[in-house]
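In: pasted the sequence and its predicted model underneath.
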Amino acid sequence: MSSLVGSHPLSVIKNALSLLVLLDYYDTSKLHDISKGTTLTTTLYYTTGNALNDLGFINITDLKGSKVSFGSAATGSKLDSTYTKSVKQIPYNISILEIGAPIIAHGILTAPTPSAADVNDTALLEKHGCKPFVLLIQSSRVLKVYQSAMAKGLTVFAP
């Protein structure tokens, strides 16, 4: 991970890290009980809207003999990471697995990430049913504060 962190901007690191979060629960027994020996699973990167083709999916392959390999499902990617051990499990809530190498999908290091300047925050909020909230932040001049904070990352709770 140190080579990734040292040579890429934060937006690329965020993309790479979001590829390491699966949107399904996998523990040791589920990894070794994959039907047909291989499966594709969705990652957090898929939810960004930037995942073209299979870039937002991870290939999990049970190679038998207690060896499980992981790799990007994107064309040209290899199964170059292996399951090492389970770090922590809270059944069906969270599972933290140690793997032998980061999963770096072909294209993830160059995939587009919208900058704060590219995001129309009010249009996004309105599109998802938060028009009264948008009107309130616009009329109270809080919108400028939101826009200046977006470059660092922002979470908005819109009641």
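Out: It's in.

In: tell me where the protein has strands.
Out: Under the criterion DSSP state E, strands of the chain are mapped to 38-42, 57-62, 68-72, 81-90, 94-99.

In: got these as TSV, with mean pLDDT, distance to L19 and mean neighbour count columns?
Out: To be clear about C-beta, it is placed using only N, CA and C from the backbone, and glycine gets the same treatment. Formatted as TSV, the strands of the chain follow (pLDDT from 0 to 100; distance: least, C-beta to C-beta, whole Å; neighbours: other C-beta atoms under 10 Å):
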stretch	mean pLDDT	distance to L19	mean neighbour count
strand 38-42	94	11	15
strand 57-62	95	7	22
strand 68-72	95	7	22
strand 81-90	94	11	13
strand 94-99	94	12	14
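
In: can you tell which of the ones you listed is closest to H128?
Out: Proximity to H128 (C-beta to C-beta) singles out strand 38-42 among the strands of the chain, at 20.6 Å.

In: what's in contact with that closest one?
Out: Applying C-beta atoms under 8 Å, 6 or more residues apart in numbering, the external contacts of strand 38-42 come out as 22-24, 26, 54, 56-62, 73.

In: which of those residues sits closest to L97?
Out: Of the contacts of strand 38-42, the one sitting nearest to L97 (C-beta to C-beta) turns out to be Y26, at 7.0 Å.

In: from I58, how far out is the residue at the greatest distance from the centre of the chain?
Out: Most distant residue from the mean C-alpha position of the chain: S139, 34.4 Å away (C-alpha atoms, centre = their mean). Counting by C-beta to C-beta, to the nearest Å, the gap from S139 to I58 is 44 Å.
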